[in-house]
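**Q** Okay, predicted coordinates and the sequence, questions at the end:
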Amino acid sequence: MKILNHSSSDFRNIEFCSIEPDPEMNIIYGENGQGKTNLIESIWLMTGFYSFRARKNIQLIRQGSEKAKISTSFFSGGREQNAVLDIGLKKELTLNGVKEESPRAIMGSFYAVVFSPSTLSLVREGPSERRKLLDIGLSLIKPNYALLMSKYLRVIDQRNSLLKKFGEKSIDMREYFEPWDEEIISLGSKIIKYRIDYVKMLSEYSKEIYSGISSGRESFDFYYSFSKDELDGKSIEEKFRKELERSFESDVKRAYTSAGPHSHDLMLTLDGRDARVYGSQGQQRSCALSMKLSEAAIIEKITGECPAVLLDDVMSELDEGRQSFILNFLGDRQVFITCCEPSTLLRKGRGKVFEVTNGSVKEI
């Protein structure tokens, strides 16, 4: 996949910009607070996912404007396509001239992977960020996964509501919960199977990439908390059923369903030790970066499309050797890199350079 043209109006601090990016390297530079990340963010929103910086649409609209608009022409699926995203009270997507019911309709057509300073929370923070990594990665290669996850979370919410409604009486009404439990087991087991298979691929790529970034000084590995082993669908259902049954009494006390993929995690290790506890800031950054680059490699392997790689404020924290490894790994993928000082990247002699000043974007 290649982005051919990208424009936005009244998005964040950008009144209007339009760029024709290079099919490979694109350097976006400027001082802090000028709008470099806003440009990256506008590209990412074309995937159909939420912003990696905000959940409310109002935060995406330029002050004084009623709505924002993003338009992208891109080559994917063997043809040129066009997508327009209007952002007001809600987001509305028009794909190839057809108004879609949801922005997520673009999944399976537009591919991108983003790394921003907040991506470090993959390693540093709690399990929700690592689950998000799995959910986004799987939704990009299996568009039905997002719908499956949505159905599962809806049933979890319904079960939690019942636990709150009946309180301690739920213990005596165990059979009443069986229809919800069966639905949770059915949907949840499919999600777990998807995740286990995906984590296997992700860890294989990540180990190789991390070794390259660190020059082989440490070994990085991780596994899915539900099970280290590859399990078939029946084994997953049996294990999940037992966990759900075992946790029922504690669920009643907390009025919350504790067992299931909504509470699972990735266990990250460096040389066999917990990366969250023992990894330095540089090591944790390398772990997160290797996982995101692995996401890009998997998308290409499964779909045959190279995702756009969006690197926001990444290179400044890496020495020239690590920068060279990452750029060589990315190969001919289309890359967008933000930075304050582009001199090191400019020495590579590749691609286009865009300067951002107070929301204004111009090609140098």
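**A** On my side now, so go ahead. Residues are numbered from 1 along each chain as shown.
**Q** Now do the phi/psi pair for S280.
**A** phi -70, psi 170 (degrees, to the nearest 10).
**Q** distance of it from S118?
**A** Going from S280 to S118 by C-beta to C-beta, to the nearest Å gives 19 Å. C-beta here means a position set from N, CA and C on the backbone, and glycine is covered the same way.
**Q** Which one's more surrounded, these two?
**A** The neighbour comparison of S280 against S118 (other C-beta atoms under 10 Å) goes to S118, with 14 against 10.
**Q** Okay, now the unreliable bits of the stretch 201-350 of the chain?
**A** Applying pLDDT under 70 to the stretch 201-350 of the chain flags the ranges 343-344, 346-349.
**Q** Okay, and F336 sits in which element?
**A** According to DSSP states H and E, F336 maps onto strand 335-339.
**Q** That strand pairs with which strands?
**A** Partners of strand 335-339 in the sheet, by DSSP bridges, are strand 25-29 (parallel), strand 308-312 (parallel).
**Q** Name the residues of the helix or strand just after the last one that come out as buried.
**A** It refers to strand 308-312. Moving toward the C-terminus from strand 308-312, the next helix or strand (DSSP H and E) is helix 320-330. Neighbour counts over helix 320-330 (16 or more other C-beta atoms under 10 Å) mark R322, Q323, F325, I326, L327, F329, L330 as buried.
**Q** likewise stretch 56-67?
**A** N57, L60, I61, R62, K67.
**Q** Stretch 121-138 too?
**A** The neighbour-count check on stretch 121-138 (16+ other C-beta under 10 Å) flags S121, L122, V123, E129, R130, R131, L133, L134, D135, I136, G137, L138 as buried.
**Q** Next, please give the residue ranges for the strands of the stretch 51-200 of the chain.
**A** All strands of the stretch 51-200 of the chain, identified by DSSP state E, counting those that start in this stretch, fall at 68-76, 79-87, 91-95, 98-99, 112-115.
**Q** Reformat those as a markdown table; add mean pLDDT.
**A** Shown next, in a markdown table, are these (pLDDT from 0 to 100):
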| stretch | mean pLDDT |
| --- | --- |
| strand 68-76 | 98 |
| strand 79-87 | 98 |
| strand 91-95 | 97 |
| strand 98-99 | 96 |
| strand 112-115 | 94 |
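**Q** now, of those strands, which is deepest in the fold?
**A** Neighbour counts (mean count of other C-beta atoms under 10 Å) averaged over each of the strands of the stretch 51-200 of the chain peak at strand 112-115, with a mean of 24.
**Q** Touching that one from outside, list them.
**A** Applying C-beta atoms under 8 Å, 6 or more residues apart in numbering, the set of residues contacting strand 112-115 from outside is 40, 43-44, 46-47, 52, 288-289, 292-293, 295-296, 299, 307-312, 314.
**Q** now do the same end-to-end measure for stretch 273-290.
**A** Taking C-alpha to C-alpha, to the nearest Å, stretch 273-290 runs 17 Å from one end to the other.
**Q** actually stretch 87-102, not the one I typed
**A** End-to-end distance of stretch 87-102 (C-alpha to C-alpha): 12 Å.
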